[in-house]
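*Asks:* could you work out the structure for the sequence below:
(chains A and B)
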Number of protein chains: 2
Amino acid sequence: MTITAITGQALIGGDAVTGTATAFNAYDPTLGTAIDPAFHTVDAAQIDRACALAQAAFDPFRATNGADRAAFLEAIAAQILALGDDLIVRAMAESGLPRVRLEGERGRTVGQLKLFADLLREGSWRDMRLDSALPDRTPPRPDLRMRMIGLGPVAVFGASNFPLAFSVAGGDTAAALAAGCPVVVKAHPAHPGTSELVGRAIQAAVQQCGLPAGVFALLTGVGNELGGALVRHPAIQAVGFTGSRAGGMALMAIAAARPQPIPVYAEMSSINPVFVLPAALAARADTLATGLVGSLTMGVGQFCTNPGLVLGVAGADFDRFCAATGVAVGGAQPGVMLTPAIAGNYQRGLEHLASRPHVSIVARAPAAEAQGRGQPALLLTTGDAFLADRAMSDEIFGPASLFVACADVAQMRAIAESLEGQLTATLQMDAGDIDAAATLLPVLERKVGRILANGYPTGVEVATAMVHGGPFPATSDGRSSSVGTAAIQRFLRPVSYQNLAQALLPPELRDVGDSAGWRRKDGVLVQSSK
Amino acid sequence: MTITAITGQALIGGDAVTGTATAFNAYDPTLGTAIDPAFHTVDAAQIDRACALAQAAFDPFRATNGADRAAFLEAIAAQILALGDDLIVRAMAESGLPRVRLEGERGRTVGQLKLFADLLREGSWRDMRLDSALPDRTPPRPDLRMRMIGLGPVAVFGASNFPLAFSVAGGDTAAALAAGCPVVVKAHPAHPGTSELVGRAIQAAVQQCGLPAGVFALLTGVGNELGGALVRHPAIQAVGFTGSRAGGMALMAIAAARPQPIPVYAEMSSINPVFVLPAALAARADTLATGLVGSLTMGVGQFCTNPGLVLGVAGADFDRFCAATGVAVGGAQPGVMLTPAIAGNYQRGLEHLASRPHVSIVARAPAAEAQGRGQPALLLTTGDAFLADRAMSDEIFGPASLFVACADVAQMRAIAESLEGQLTATLQMDAGDIDAAATLLPVLERKVGRILANGYPTGVEVATAMVHGGPFPATSDGRSSSVGTAAIQRFLRPVSYQNLAQALLPPELRDVGDSAGWRRKDGVLVQSSK
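*Replies:* Okay, the predicted model is just below:
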């Protein structure tokens, strides 16, 4: 099957259907022009149909075994690759992101589908546990067995800033499908054509693997009603979202107010503090400046892990670092941002921060001639001023960073303690900084999902040990990760089986498990037999 | 140290302090009299002090290793046993529960502390993961390591119905302390003396193990302000609660409305359906009746897992089962309930259910002469009537059960589908019922935390494979269990470490881990070296 036509339709129940509500078009932020064809916002009945089909598909879908679900994820990956360059060209037009970035992102998207396929074949994501009966104990102990099952249909909101890796077939979708949960995606209206292409690829994989059509749906639309109706729908059992703090908070409120509240995994807001420790600052201020600006301006700063806050101890070394960073920022170029709205918000956020008392602008890239561009910027304040003004720790989504000249390492620690939850914290450190780093670490562990040394927070590895998460408001639920294999756990819950006949037990919990994988038997991990 | 005096005080920061707000007394429900001494409700400053000390204790407490924390849990167990019979006598007076039950519950309380101690020594609760650096890859992959850490100070609400096993040193406290989280307990006002004794035992263990005094506090009081202030306190990072649906919902709302929302693990409401399948019903209606009434009337029905709903296919076998159950219920005795309020609620719930259309009372134990007793009762309706009246599925906390005469197994399945989330579902089945059970299972897996065959839902084994949880409203968070080793996961979150120097890594994540335990290295589980 070749998928290249973009029709502007939603994908529900194996069909392409045209929404009946507000029409809208994709927009090319580079050219500043609308892109055809028009898309259409789905109506309440269409949302209901997608959710009802997802609910009906849940039992048969979760009954598939790990190997079958792995094959399905790999089929999605193959279908995405089969879209060929049409996908990249469309994503470039809709996002303003360059080809090399989108090709890399496609690789990541396909790679994480394959990673979850491997996880499904390995099997220990099921957390299988068996406690033997002790009939002679007083009272007798029953035979108890446990496994994880999927939560139910999951609503996934495509993110604006990763039109492939955090969108229709992105991390949330891959994790939910791996967990055995049907997925209803709300396409991000900034890249509806990219979404449709990828949605059709998933739809083709569903058909190819003989799965119920309700396993996947793609809903199109603008406005907040669609997302609200989706999260309110009784069939939906969990929500995955990456976006603004206001958007995430709105979904959390809707989910909590349902007759049956459901979990929301919203990744929302992070300024990703970078702690430049004294020995590292003394040894390599210039290379630190270059590396930092590379991380800051990459993708026009449109990463959740963008380094928005940089702390060092005031003094000659810090001045040199700040000056070198300023030179690099001043020489950077404004870049096309994902949407005019994002560019406008960036500009307003920057002006608001620059207007705070004791904040100065160190450097700013040349102004763009065209609208919709983001101008890299470096701002400076003091540790005392930062601690006195909570507004300085608000996220500015874009290529801006605030340097903070601290009195000493103790003040860096006090600032770390004052911060809200973050996705990441970075230590730039040399051997002489070990003690300073050790005083920061307990605070950082409480505040962030990932602590990194001598690197930059952008570039999130899709791996077993990755945590892309963190305490509120970095995410709505700091108990989880949205990147890497740990993400599957967000969509699982445990079920225990007591004294069930072998024939009624799930195959992987029978005395002779039908799947490879580790099981915890009477408290001890053992490899189950085939 | 010998602890026997009950002073009516709260326990904060290693001290005993007297609350300054409303005074109250324990009450003996058997005698209908107040018990001295008076207790006092803590004030806002005392709540704040307990929480601030817990926050200060968090970093040093979580830095203790698994063996040290295991020794602490065992010291608590030893201190509880050292309270001797004073504890049992006081708990009997405050709860009306019999000696044998409370001695068993003490054994369970001590046993679960030891189970978590074993879990800490085994080490895999940390979910340690290591992904090796791939310096030659493009782009290079960093060294990534992950482990679980505690969420922070936990507020635990003692439950009325398990004055030992779900109270001050109960499952929530044991799981939170095992996770490295300081605990602030709100004592249930129905057993304040029992709470003080156990609180002093924990306080003694904290001192004996040289831990910061803020690791544990016990707050005393009546009214809703105390609990609300505790959940609102910024130091508190999670909540454990077992009680009413209204109480749990109130705490969920408070937690969600905080500037930083926190997880609430509330176990609230369950009617624990029992599906008596046709072949079992034909073969052993009389023994089923006897077993059911034993489960129903045990502890005057004051269990979260009490079998409040029993479904069978209408016909002669069902009539025989119902009649035999009615005889047994009619011959049962009313029992002292935990508090007059609980007895009053039970009576009102029973009258409300009996007043629904198409509900009849089959049998009722003789009326009690004294107040505060619960009268076992058996009620009957039809599957059609049940499906038409949602009020019939409300929990009645006490020894009442509603029998439902269904048209067929398909209607039993429809009723299962109509139910809200439950802690348990029970299948009474014989070999001839396998097919019927198989049609029910997918529904039950979606609805409940534990599915059991040919037993009764009361009697929750503290084990590795136990799930005492279930979808809302059985609990506020169906992703977890409040009994068994899985309970530790409720109080954990993952942290990832990228390219950190060995000296800065937590000992268990270094190349040579200092603790026994499994680690996932490059995706493969391996036993770490000592």
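
*Asks:* only C-alpha atoms from now on, for both contacts and neighbour counts.
*Replies:* Noted.

*Asks:* name the nearest residue to the residue of the stretch 201-350 of chain A found nearest chain B, ignoring sequence neighbours.
*Replies:* Here the stretch 201-350 of chain A gets closest to chain B at one residue, residue A:260, 6.2 Å apart by CA to the nearest CA. Spatial nearest neighbour of residue A:260, excluding adjacent residues (CA to CA, 6 or more residues apart in numbering or on different chains): residue B:472 at 6.2 Å.

*Asks:* can I assume the one you found is in contact with residue B:420?
*Replies:* Yes: the criterion here is CA atoms under 8 Å, and residue B:472 meets it with residue B:420 at 7.0 Å.

*Asks:* quick one: which of those two has more around it?
*Replies:* residue B:472 (24 against 20; other CA atoms under 10 Å in any protein chain shown).

*Asks:* please name the residues that touch that one.
*Replies:* Residue B:472 is in contact with A:260, A:261, B:420, B:421, B:422, B:478, counting by CA atoms under 8 Å, 6 or more residues apart in numbering or on different chains.

*Asks:* switch to 10 Å and redo it
*Replies:* A:259-262, B:266-270, B:420-423, B:447-448, B:478 (CA atoms under 10 Å, 6 or more residues apart in numbering or on different chains).

*Asks:* quick one: buried ones out of the residues you listed?
*Replies:* Among the contacts of residue B:472, the ones that count as buried by 16 or more other CA atoms under 10 Å in any protein chain shown are A:260-262, B:266-270, B:420-423, B:447-448, B:478.

*Asks:* is residue A:242 bridged to anything, and to what?
*Replies:* Counting by DSSP bridges, residue A:242 is bridged to residue A:267.

*Asks:* I figured it hits residue A:163, correct?
*Replies:* No: if you go by CA atoms under 10 Å, residue A:242 and residue A:163 don't touch, sitting 11.5 Å apart.

*Asks:* what about the two, which has more around it?
*Replies:* Between residue A:242 and residue A:163, residue A:163 has the larger neighbour count (other CA under 10 Å), namely 29 against 25.

*Asks:* residues in contact with that one?
*Replies:* A:91-92, A:94-95, A:97, A:102, A:105-106, A:169-170, A:187-188, A:190-192, A:194-195, A:198, A:338.

*Asks:* what helix or strand is it on?
*Replies:* When elements are assigned from DSSP states H and E, residue A:163 belongs to no helix and no strand.

*Asks:* what's the answer for residue A:265, then?
*Replies:* Residue A:265 belongs to strand A:264-267, assigned by DSSP H and E.

*Asks:* same for whichever helix or strand comes after that strand, what does it pack against?
*Replies:* Counting by DSSP H and E, the next helix or strand C-terminal to strand A:264-267 is strand A:273-276. In terms of contacts (3 or more CA pairs under 10 Å, 6 or more residues apart in numbering or on different chains; DSSP states H and E), strand A:273-276 is packed against helix A:278-297, strand A:309-313, strand A:400-406, helix A:409-418, strand A:422-428, helix A:434-447, strand A:448-453.

*Asks:* go through the ones you listed and name the closest to residue B:36.
*Replies:* helix A:434-447 (43.2 Å; CA to CA).

*Asks:* between that closest one and helix A:278-297, how big is the angle?
*Replies:* For helix A:434-447 against helix A:278-297, the angle by axes from the mean of the first three to the mean of the last three CA atoms, to 10 degrees is 40 degrees.

*Asks:* now the angle between helix A:409-418 and helix A:434-447, please.
*Replies:* Using the same axes, to 10 degrees: helix A:434-447 against helix A:409-418 is 10 degrees.

*Asks:* buried sites along helix A:434-447?
*Replies:* Buried residues in helix A:434-447, counted by 16+ other CA under 10 Å: A:434, A:436, A:437, A:440, A:441, A:442, A:443, A:444, A:445, A:446, A:447.

*Asks:* remind me which residues of the stretch 1-150 of chain A are low pLDDT?
*Replies:* A:1-4 (pLDDT under 70).

*Asks:* who in it is up against chain B?
*Replies:* Counting by CA under 10 Å from any CA of the partner chain, the positions of the stretch 1-150 of chain A adjacent to chain B are A:58-60, A:62-63, A:118-119, A:122, A:124, A:127-132, A:139-150.

*Asks:* mind running it again at 8 Å?
*Replies:* A:59, A:129, A:130, A:131, A:141, A:144, A:145, A:146 (CA under 8 Å from any CA of the partner chain).

*Asks:* so stretch A:448-460, near chain B or not?
*Replies:* Yes: shown here: stretch A:448-460 in contact with chain B (CA under 8 Å from any CA) through A:448, A:449, A:450, A:451, A:452, A:453, A:454.

*Asks:* contacts for that stretch next, please.
*Replies:* A:272, A:291-292, A:295, A:303-307, A:421-429, A:444-445, A:466-471, A:478, A:483, B:494-500.

*Asks:* recalculate using a threshold of 6 Å.
*Replies:* A:305-306, A:421-428, A:467, A:469-470, B:495-500 (CA atoms under 6 Å, 6 or more residues apart in numbering or on different chains).

*Asks:* and the furthest pair within the residues of the stretch 1-150 of chain A next to chain B?
*Replies:* The widest separation within the residues of the stretch 1-150 of chain A next to chain B (CA to CA) is 30.8 Å, between A:59 and A:141.

*Asks:* hang on, the earlier thing: checking the residue nearest to residue A:260 next. Helix, strand or coil?
*Replies:* Of the three states, residue B:472 takes coil according to DSSP: H, G, I helix; E, B strand; the rest coil.

*Asks:* need the per-residue pLDDT for it.
*Replies:* pLDDT, residue B:472: 98.

*Asks:* neighbours of residue A:471, how many?
*Replies:* 24.

*Asks:* can you give me the helices in chain A?
*Replies:* A:44-63, A:66-82, A:85-95, A:99-122, A:171-178, A:192-208, A:225-232, A:245-257, A:278-297, A:316-330, A:340-354, A:383-388, A:409-418, A:434-447 (DSSP state H).

*Asks:* make TSV from those and add distance to residue B:175 to it.
*Replies:* TSV is the format used below for the helices of chain A (distance: least, CA to CA, whole Å):
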stretch	distance to residue B:175
helix A:44-63	30
helix A:66-82	31
helix A:85-95	47
helix A:99-122	28
helix A:171-178	28
helix A:192-208	41
helix A:225-232	32
helix A:245-257	26
helix A:278-297	40
helix A:316-330	46
helix A:340-354	43
helix A:383-388	36
helix A:409-418	26
helix A:434-447	19
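
*Asks:* need the winner for burial among these.
*Replies:* Of all the helices of chain A, helix A:171-178 carries the top mean neighbour count, a mean of 28, counting by mean count of other CA atoms under 10 Å in any protein chain shown.
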